[in-house]
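S.K.: From the sequence below, what's the structure:
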Amino acid sequence: MLRQVLIAAGGVVALSATAALAQAPGGQVIGVPRAVQVAETTVKGRALEAELDYEKGRLIYEVKTAAKGGVQEVVVDAMSGEIVAQHPRRMDSAWRWLAKSDQLNAVQAAPTPLSQLLTKVESDRGARVSEVSLERERGQTFYEVELADGGRHVLIDPRTGAMRPGNFDD
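M.R.: Next up, the predicted model:
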């Protein structure tokens, strides 16, 4: 039940951001790869997930990152690419597994920054990335990348950069 409520709430946020995106001047946003690059450079770490959101009358990207100081959220203006806010992320249950596992080290030591992998996904798939999240199940960790072309997904292994189509749950 809680999962369904969270999914429904996520749908409302996605609709709000999509509606705001339609009203953006020329609809031009910097894109997820650029927002991730800005966040990774700012914290000198690696991105864990990123999504477009609409907050306080503006489009933003919320990028969660891992750096030496732990998990941080970097808020990037979706139109200008400027940092709006940066703050440590409380280690709630959704992130505790990461802090206690070697997965955090694997992401931080990944040979290719996520921003570069996302740029390659957009180039190879001919569609913009709309969201990316780090997922872990059955001992495997992947970035699940959602494309803005009707729901296609790509999985990326952070350790190797290998990509394959599909959802994490497939």
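S.K.: Just give the nearest non-adjacent residue to the most centrally placed residue in the chain, would you?
M.R.: Central residue of the chain (Cα atoms, centre = their mean): Ala50, 2.1 Å from the mean position. Ranked by Cβ to Cβ, 6 or more residues apart in numbering and with sequence neighbours excluded, the top spatial neighbour of Ala50 is Val63, at 4.3 Å. Quick note: C-beta positions are derived from backbone N, CA and C, even for glycine.
S.K.: how close does the residue lying closest to Pro33 once chain neighbours are set aside sit to Arg138?
M.R.: Counting by Cβ to Cβ, 6+ apart, Leu118 is the residue found nearest to Pro33 once chain neighbours are left out, at 4.0 Å. Taking Cβ to Cβ, to the nearest Å as the measure, Leu118 falls 24 Å from Arg138.
S.K.: Looking at these two, which one has more neighbours?
M.R.: Leu118 (26 against 4; other Cβ atoms under 10 Å).
S.K.: surely that one meets Ala127?
M.R.: No. Contact criterion Cβ atoms under 8 Å: Leu118 and Ala127 do not qualify, at 11.5 Å.
S.K.: all helices in this protein, in order from the N-terminus.
M.R.: Along the chain, counting by DSSP state H, helices occupy 2-23, 32-43, 93-99, 103-108, 114-125.
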